[in-house]
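Visitor: coordinates for the following, if possible.
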Amino acid sequence: MPPTLIPVSSKWSSRPTTRTTAHPPVRGRTAYVPVVVSPPTLAERLRDLGEALVAAGMLVVSAPLLALCCLIVRLTSPGPALYRQSRVGRGGRVFTLYKIRTMYHNCELYTGPRWCQPGDPRITPVGRVLRKLHLDELPQLWNVIRGDMRLIGPRPERPEIVARLRERIVGYDRRHVVKPGITGFAQIHLPPDSCLRSVKNKLAYDLFYIRRRHWRFDLYILAATLLKLFGLRFLYHRPPRYPTG
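Guide: Okay, the predicted model is just below:
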């Protein structure tokens, strides 16, 4: 299988700038060059298989809770209980992500894709509870089973937002050299994206994880995720040694 190519800023590569049909150069913006995303190794394939089995077990165990959440969403606001959304995964491949709906149906019909803000009026009362407990993420276990995601990795973003971020942030596409995850090193330390600076901070954490990813690091992130869910973030959180802005 040939390697996948994704465009990133030329400041991160010594290769000459090339034009691509997918992301043509725009005047006044950073030019892009392709960066190779190697095919998965045997170890990575085995890890994917192991995580798919774990996700399948978690999905079976959480099925009653998932069904209850979907029922409550259906009864409290019009629209489907589950919704699908396009996200960017490894190598820039777009896949379909599944979540429990926490916002009013078709709330972005006139605004288009945009980040959620504190006190966002688009979120339903039930949705606020589901988001706080992170129960709306349960259907993403199916994405892990399908091989679109892993349990741990950078959070996937929507294609429309990625297209803007890769033009504003140098090396943004470097986070796409691995599969996205349900939780991650950036997620256990930082709040959801709300502005360009917050994205830059999360990118620093994502790249730190990518450079140092190891099964022991993954276990730490899983344990920290559980602590965060139970409101015990202070047990693991430490301020960064260096500025990430």
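Visitor: which residues in the protein form helices?
Guide: 42-76, 125-133, 140-146, 159-168, 185-189, 196-212, 215-229 (DSSP state H).
Visitor: wait, which of those is closest to R175?
Guide: When the helices of the chain are ranked by proximity to R175, the top entry is helix 196-212, at 4.5 Å, counting by C-beta to C-beta. C-beta: built from backbone N, CA, C; applies to glycine.
Visitor: now do the closest one: distance to the chain's middle.
Guide: 12 Å (C-alpha atoms, centre = their mean, to the nearest Å).
Visitor: and the closest residue to M149 other than its chain neighbours, how far from F208?
Guide: In space, and not counting its chain neighbours, M149 is closest to N143: 4.3 Å by C-beta to C-beta, 6 or more residues apart in numbering. Using C-beta to C-beta, to the nearest Å, N143 is found at 24 Å from F208.
Visitor: please apply the same query to G79.
Guide: Distance from G79 to F208, by C-beta to C-beta: 38 Å.
Visitor: then Y104?
Guide: Taken as C-beta to C-beta, the span from Y104 to F208 is 36 Å.
Visitor: so where's this structure shaky on pLDDT?
Guide: Applying pLDDT under 70 to the chain flags the ranges 1-36, 239-245.
Visitor: swap in 90 and give it another go.
Guide: Across the chain, the ranges flagged by pLDDT under 90 are 1-41, 43-44, 106-121, 170-171, 191-195, 214-215, 229-245.
Visitor: who's in contact with the spatially most central residue of it?
Guide: Taking C-alpha atoms, centre = their mean, the centroid of the chain lies closest to R155, which sits 1.5 Å from it. Going by C-beta atoms under 8 Å, 6 or more residues apart in numbering, R155 touches P180, G181, G184, A186, Q187, K202.
Visitor: just checking, the first one touches L151?
Guide: It stands for P180. No: P180 is beyond contact range of L151, at 10.5 Å (criterion: C-beta atoms under 8 Å).
Visitor: rewinding a little: neighbour count: N143 and F208, which is higher?
Guide: Neighbour count, other C-beta atoms under 10 Å: between N143 and F208, N143 has more, with 25 against 15.
Visitor: settle this for me: the more buried one is touching Q85, isn't it.
Guide: No: counting by C-beta under 8 Å, N143 stays clear of Q85, with 10.9 Å between them.
Visitor: now list whatever residues contact both of these two.
Guide: Joint contacts of N143 and Q85 (C-beta under 8 Å, 6+ apart) are L97.
Visitor: make sure K200 is actually in contact with R168.
Guide: No: taking contacts as C-beta under 8 Å, K200 lies outside contact range of R168: 9.2 Å.
Visitor: the more surrounded of these two?
Guide: Legend: neighbour count by other C-beta under 10 Å for K200 and R168, higher for K200 (16 against 12).
Visitor: distance of the residue lying closest to V199 once chain neighbours are set aside relative to A224?
Guide: Nearest residue to V199, sequence neighbours excluded (C-beta to C-beta, 6+ apart): D193, at 5.3 Å. Between D193 and A224 the computed distance is 19 Å (C-beta to C-beta).
Visitor: next: N201.
Guide: Counting by C-beta to C-beta, the gap from N201 to A224 is 17 Å.
Visitor: do the same with R174
Guide: 23 Å.
Visitor: what's near enough to touch P192?
Guide: With contacts defined as C-beta under 8 Å, 6+ apart, the neighbours of P192 are W115, C116, S198.
Visitor: OK, contacts around the first one?
Guide: The contact partners of W115, by C-beta under 8 Å, 6+ apart, come to I161, P192, D193, S194.
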